[in-house]
Structures are given as C-alpha cells and as structure tokens.
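missing the sequence, but the structure's below:
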C-alpha cells in the first residue's frame, strides 16, 4: 500500500508539479528510507502509526544523521502526507505535532577573485578537451549556472549576437543570463572547432561533449573541476556549485543590486540570495581583523 502511494506521489511531482528528475529521485530515497522503517514495524498503512512509533523514527534519525538530513527527510514526508490528505487517502497527518531540529545557517564557501582566475586558466586550452573545460568553467562562473544547467546547455539556448544564455532552471523555469564578451567569443570558438572534433561526425544539440561525442555528465565535469583546482593550487575543496556561490558574492562585492543577482541566479525567494551579502560581510570582517592595526594589537 505504502509503495503504491509513493509511486503515485512521485508521478504527481514529476508530471504535475514539473519537478526535475534529480529532485524526484531525492524524494524517492527519503520516502524509501521511511518505508524500510515501516517494514521493521510491520506497518502497512502509515496512518496507523502511533505517536510513540513516530518518536522512535525521529530518535533513530537523530542518532544517525545530521540535522539537515533529518529536516530534508521530514520535509519529503510532510509533502507526501499532505498529498495523501488532499487525495483523501488518509484522514490525519502522522507527523503532526513534531518539531524538527533547527539548522545552523552555514554561509556558503566562495573562491577569491585571485583563486577564480587561477582556476579559469588551469585547463590547457591548446588541447580539445582543455579548450572545452576552460569554456565550461568560464560559462559556469560567468553566468552563475547550476552544474545541471551547464551540462544540459544546448546550441539553441545561446544568443551570440545579444550575448546571453536562455537558461532552463529548476521546474523548467527560464531566465535570461548575460555572458561577458570574452566568454561569448571563447564559446563560439569552441563550438566551431573543439566541439566539432568531439562530435566525430555525429549530431547533437548539446554544447559540451565527452570523448564519445555525447553530452558530458555532471560526474565527469565534477572530476575535471577537482583536477583543475589541484593544478591551480587551491587548498579548499572545489565543486561546481562553489563557482555559483563565487559568482553571486563577487557581483555583490562589486556593487551589483541584490534583486539583479536574484534574477540572474533564478532564485524564487530574495532571502535565498541575501545570504551572499552575509558572506561578503564576513569576508570584510576577516580582512579587517587581519590587517587593522588595532586588531593586531599595535
């Protein structure tokens, strides 16, 4: 019964809500975890769960998982049970009355401008794959894209004459993002030269291809960016979303309007973008503490 309800809910998220496949897959994982818990209790219908049984599930999560994971799992379950309530498949919310642990707002990490410049020149652009990777890094940072948006980028999404990308973001929402002119030029050169070599006579609408002429995967790009970070001598862990964080923080540091940055990132809520103003403030504090004479007890 539970498994059938989950499948209907996931179909609803994908087909009616229009959530991206990776998001739906994350819901599946979280709901499957709760399903295993129900199996251990030999409970077929989640509506029959007692308060004590729900409490035992929470206790188990607290012993084994971080607060962020606990909140994510409960968020998935809450959405699932709300769906069942609306559909009339259950009459009460099994999780009602339970408070979730608060999450400490960890500020996102960013690269400095100097580190970012070092990373961008790390690929050997004299080689086909190096040219591709350098352009990917430039586009990722230059437009503040998510890695999923980058690897799925298609030729028709680039307006070379106007110098912008038509990005398809979360929930298939579109946004227009400009690219710096040097990045536009490098992207055009890659498409005319390096991309044609990677195609090897095949046809594809995707811009960034692997050695076989197919779209480069997120995992493939993730491995590449780590390798280039090591080559650039960057000590902290570098991952694709770090460039998106850096894009937003560097724009705000340069005086960009917060709402403009929100639009460029495709954030639905301004509060999501505001965290980058806190990042910049923290960086200013660090510089102050490091260099101000009074802070150095002089």
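Nice, I can see it. The shown structure was predicted, so the numbers you read here are calculated from the model rather than taken from an experiment. Numbers count the residues shown, from 1 in each chain.

so residue 132 sits right up against residue 208, yeah?
Yes. Between residue 132 and residue 208 there is a contact under CB atoms under 8 Å: 6.2 Å. Every residue, glycine included, has its C-beta placed from N, CA and C.

Between those two, which contacts overlap?
Both residue 132 and residue 208 are in contact with 195, 216, where contact means CB atoms under 8 Å, 6 or more residues apart in numbering.

Pretty sure residue 97 sits in a helix.
No. Residue 97 sits outside any helix when classified using DSSP: H, G, I helix; E, B strand; the rest coil, being coil.

The residue nearest to it when sequence neighbours are not counted and residue 91: what is the separation?
In this structure, residue 97 finds its nearest non-sequential neighbour in residue 51, 7.6 Å apart by CB to CB, 6 or more residues apart in numbering. Relative to residue 91, residue 51 is positioned 16 Å away (CB to CB, to the nearest Å).

These two: which is more packed in?
A direct count of neighbours by other CB atoms under 10 Å for residue 51 and residue 91 places residue 51 higher, at 11 against 8.

Need the pLDDT of the more buried one.
The model reports residue 51 with a pLDDT of 77.

next one: residue 128
Residue 128 is given a pLDDT of 96.

And for residue 284?
pLDDT, read off for residue 284, is 52.

Then residue 289?
Model confidence at residue 289 (pLDDT) stands at 55.

Same question for residue 123.
Residue 123 carries a pLDDT value of 97.

how many neighbours does it have?
24.

To which secondary structure element is it assigned?
Counting by DSSP states H and E, no helix or strand carries residue 123.

Could I get the contacting residues of it?
Going by CB under 8 Å, 6+ apart, residue 123 touches 129, 130, 131, 133, 134, 137, 228.

Nearest spatial neighbour of residue 191, chain-adjacent residues omitted?
residue 207 (6.6 Å).

Check the secondary structure at the nearest residue to residue 200 once chain neighbours are set aside for me.
In space, and not counting its chain neighbours, residue 200 is closest to residue 213: 5.1 Å by CB to CB, 6+ apart. Counting by three-state DSSP, the backbone at residue 213 sits in coil.

if we can go back for a sec, state the distance from the residue nearest to residue 191 to residue 32.
Applying CB to CB to residue 207 and residue 32 gives a distance of 35 Å.

Of those two, which one has the most company?
Remark: of residue 207 and residue 32, residue 207 carries more neighbours, 24 against 12, as counted by other CB under 10 Å.

from memory that one sits against residue 165, does it?
No. Using CB under 8 Å, residue 207 is not in contact with residue 165, being 10.1 Å away.

okay, and the common contacts of these two?
Joint contacts of residue 207 and residue 165 (CB under 8 Å, 6+ apart) are 153, 158.

Contact partners for the residue nearest to residue 191?
Contacts of residue 207 by CB under 8 Å, 6+ apart are 153, 154, 155, 158, 187, 191, 195.

end-to-end on stretch 40-56?
The first and final residues of stretch 40-56 sit 12 Å from each other (CA to CA, to the nearest Å).

now stretch 223-237
Using CA to CA, the end-to-end distance of stretch 223-237 comes out at 12 Å.

Sort out which residues of it are buried, please.
Along stretch 223-237, these residues count as buried under the neighbour rule (16 or more other CB atoms under 10 Å): 224, 225, 228, 229, 232, 234.

Can you tell me the SS state at residue 237?
Secondary structure, three-state DSSP: residue 237 is coil.

which stretches of this structure have low pLDDT?
By pLDDT under 70, the weakly predicted segments of the chain are 98-108, 278-298.

Find the centremost residue of it, please.
residue 146 (5.4 Å; CA atoms, centre = their mean).

From residue 89, how far off is that one?
If you measure residue 146 against residue 89 using CB to CB, the figure is 34 Å.

Then residue 255?
Using CB to CB, residue 255 is found at 53 Å from residue 89.

likewise residue 176?
Remark: distance between residue 176 and residue 89 (CB to CB) = 41 Å.

How about residue 215?
39 Å.

Could you tell me which of the contacts of residue 207 belong to strands?
Counting by DSSP state E, the part of these found in strands is residue 158.

Narrow the contacts of residue 207 to those in helices?
187, 191, 195 (DSSP state H).

what's residue 52 in contact with, if anything?
By CB under 8 Å, 6+ apart, the contact list for residue 52 is empty.

domain ranges for the chain?
Following automatic domain parsing, the chain resolves into domains at 2-86, 113-291.

Just send those domains back as JSON lines, with distance to residue 96 too.
Listed next are these as JSON lines, based on distance: least, CB to CB, whole Å:
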{"stretch": "domain 2-86", "distance to residue 96": "9"}
{"stretch": "domain 113-291", "distance to residue 96": "26"}
